[in-house]
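Student: Got a sequence here, can you model it:
(2 chains)
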Amino acid sequence: MTPIIRIQDIAAHLGETVTLQGWLYARTDKGKLQFLQVRDGTGVVQCVVFKKDVPEEVFEAAARLTQESSLEVTGTVRADPRAPGTPGGFELGVSDVRPVQVATEYPITPKEHGVEFLMDWRHLWIRSSRQWAILRIRATIMRAIREWLDGNGFLEMSTPIITPSAAEGTSTLFALDYFGENAYLAQSGQLYNEANIGAFGKVYCFGPTFRAEKSKTRRHLTEFWMVEPEIAYCDLDQLLVIEENFVSHIVQTVLRERAAELKALGRDTSALEKMIPPFPRITYDDAVERLRKLAAETDDPEQKELLKIEWGDDFGSPHETALTKQFEKPVFIVGYPTVVKAFYMEPWPGRPEVCKSADLLAPEGYGEIIGGSERISDHDTLLQRIHDHKLPVENYKWYLDLRKYGTVPHSGFGLGVERTVAWICGTEHIRETNPFPRMLQRSYP
RNA sequence: UCCUCGAUAGCUCAAUCGGCAGAGCAAUCGGCUGUUAACCGAUUGGUUCCAGGUUCGAGUCCUGGUCGAGGAGCCA
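Tutor: Below is the predicted model of the structure:
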């Protein structure tokens, strides 16, 4: 029995006879020679079957293997610059092939396919090299998130997914019947984390979150993953330093550990290498001025209309795209008008029409990846805001209590995992960044 | 919710003015000792999204619907 190895470790086994357990990704036949591209989940390696080197029945068994058949293959590892694959440069000189199952006709061929077709076959599409690379990077990003937070004194706290009312009172929620009571799928764990910091100081929650908005764009899912750190004794300026170090760690980790996958995706890594702190900060006021200037300078009447903005308006995606094009790094937009933001944000000292909020916009038009703010710490200010937003006070009793029992200045933010993956991978559409994305028109498979 | 576009073989698409339903790929069979989405030869493959209408004749034109894509709004 030869040792079973994983393809990502193949370089360490040069010259050895080893066994791989995997699936046939693709094949090319040349008469008495077969090239089998075998993948095992960690990589793809070319396995070469010469007719004269193996028993007749082994050659014939290999010849019967169809695309995505499962197999065990034994052979000698050798270096060959012609060998394709991931990591590539190595191939297996095959001595034995043992089919596990010969797959029936595989729907996803090595040619072009449309989006609807691929999404119908998402359970198989994730095997394709591009999807495989994106989802490997996603896993690394999720690990880097926990790694940085755990290493910087944060404690992971689970927050409920079944909640009694809207966290922010704005977005549309998925309603469900909770034993005869109304309940909703969580759109944020933040309010609970504001309770958690009273017990643990620095916390984060990390899990799926749900928005029932009828958004139909390349930036939206109805179920997506969000990490939400919350920090006691932290103001907005301190928060932004945390955010930029956090984001930089994520990007640098992917660059270091997933170079092969980024290369397979054709991502320009020189742009990502620039993602080191500090990130530029501009105020909302400044952003509006920049947009007005851009609108005035453009000759395209359609663009001029899209960039139109009044002070007090929230930014649409054309605004965000135009702004981020002016920077190579992600950019903080600080101090949004209070009216366009959630009820719990701390008023700007001396300017109550502005709140101590900051969004982080990713470069290259990927949009907002972080929304963060300093939270209102004063009980009466918060109560007034709940009234102003016509929210049911009885649902927020516990939240108001937090301002009565040792309230402190505190801040936090939420980072959208899928948008971050899309930005780092350079994918056209966010649907490719989740193994089984949930969208307006799709809940299968 | 609004705007634009689309639906033809398993997949990606073509079909002139309304006039015989086509190609490449996949599959199947055969050939090939260095292929990289191989190549060469052959075979198979159709409810043209659904319902109705105009017409001698509809994939093509008209009406209604279904589904999808891109964008807006909203948001991470």
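
Student: tell me which parts of the stretch 251-400 of chain A are close to RNA strand B?
Tutor: Contact residues, the stretch 251-400 of chain A versus RNA strand B (Cβ under 7 Å from any atom of the strand): A:306, A:314, A:316-318, A:320, A:340, A:367-371. From N, CA and C alone the C-beta is placed, and that goes for glycine too.

Student: Find the least confident helix or strand in chain A, judged by mean pLDDT.
Tutor: Of all the helices and strands that make up chain A, helix A:301-306 has the lowest average by mean pLDDT, DSSP states H and E, namely a mean of 76.

Student: bridging residues for A:Phe90?
Tutor: Beta bridges link A:Phe90 to A:Ala79, judged by DSSP bridges.

Student: ok so, going back, which neighbouring elements make contact with the least confident helix or strand of chain A?
Tutor: helix A:317-324 (3 or more Cβ pairs under 8 Å, 6 or more residues apart in numbering; DSSP states H and E).

Student: in the helix it packs on, what counts as buried?
Tutor: Neighbour counts over helix A:317-324 (16 or more other Cβ atoms under 10 Å) mark A:318-324 as buried.

Student: need the residues you listed in TSV with pLDDT, can you?
Tutor: Output for the buried residues of helix A:317-324, formatted as TSV (pLDDT from 0 to 100):
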residue	pLDDT
A:Pro318	86
A:His319	90
A:Glu320	90
A:Thr321	88
A:Ala322	88
A:Leu323	90
A:Thr324	90
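
Student: The residue of the stretch 201-350 of chain A found nearest RNA strand B and A:Leu307, how far apart?
Tutor: With Cβ to the nearest atom of the strand, the shortest gap between the stretch 201-350 of chain A and RNA strand B falls at A:Gly316, namely 2.1 Å. A:Gly316 sits 9 Å away from A:Leu307, taking Cβ to Cβ, to the nearest Å as the criterion.

Student: of these two, who's got more company?
Tutor: For A:Gly316 and A:Leu307, the more surrounded residue by other Cβ atoms under 10 Å is A:Leu307, and the numbers stand at 23 against 12.

Student: got the contact list for that one?
Tutor: The contact partners of A:Leu307, by Cβ atoms under 8 Å, 6 or more residues apart in numbering, come to A:291, A:294-295, A:298, A:318-319, A:322.

Student: Closest to A:His410 out of those residues?
Tutor: Using Cβ to Cβ, A:His319 comes nearest to A:His410 of the contacts of A:Leu307, at 29.4 Å.

Student: who's in contact with the closest residue to A:Leu291 other than its chain neighbours?
Tutor: The shortest distance from A:Leu291 to any non-neighbouring residue, by Cβ to Cβ, 6 or more residues apart in numbering, is to A:Ile309 (5.1 Å). Shown in contact with A:Ile309 (Cβ under 8 Å, 6+ apart): A:288, A:291-292, A:295, A:315, A:319.

Student: out of those, who's nearest A:Thr222?
Tutor: A:Phe315 (22.3 Å).

Student: and the closest residue to A:Asp313 other than its chain neighbours, how many neighbours does it have?
Tutor: In space, and not counting its chain neighbours, A:Asp313 is closest to A:Val340: 7.3 Å by Cβ to Cβ, 6+ apart. Residues within reach of A:Val340, counting by other Cβ under 10 Å, total 14.

Student: Report the beta-bridge partner residues of A:Leu415.
Tutor: Beta bridges link A:Leu415 to A:Val227, A:Ile370, judged by DSSP bridges.

Student: roughly how far apart are it and RNA strand B?
Tutor: 6 Å (Cβ to the nearest atom of the strand, to the nearest Å).

Student: looking at it, that residue is touching A:Val227, isn't it?
Tutor: Yes - with contacts counted by Cβ atoms under 8 Å, A:Leu415 reaches A:Val227, the gap being 5.2 Å.

Student: Any chance you could list residues touching both of these two?
Tutor: Residues touching both A:Leu415 and A:Val227 (Cβ under 8 Å, 6+ apart) are A:Ile145.

Student: Give me the contact list for the helix or strand hosting A:Tyr399.
Tutor: Following DSSP states H and E, one finds A:Tyr399 within helix A:397-401. Helix A:397-401 has contacts (Cβ under 8 Å, 6+ apart) with A:191, A:194-195, A:379, A:382-383, A:386, A:393.
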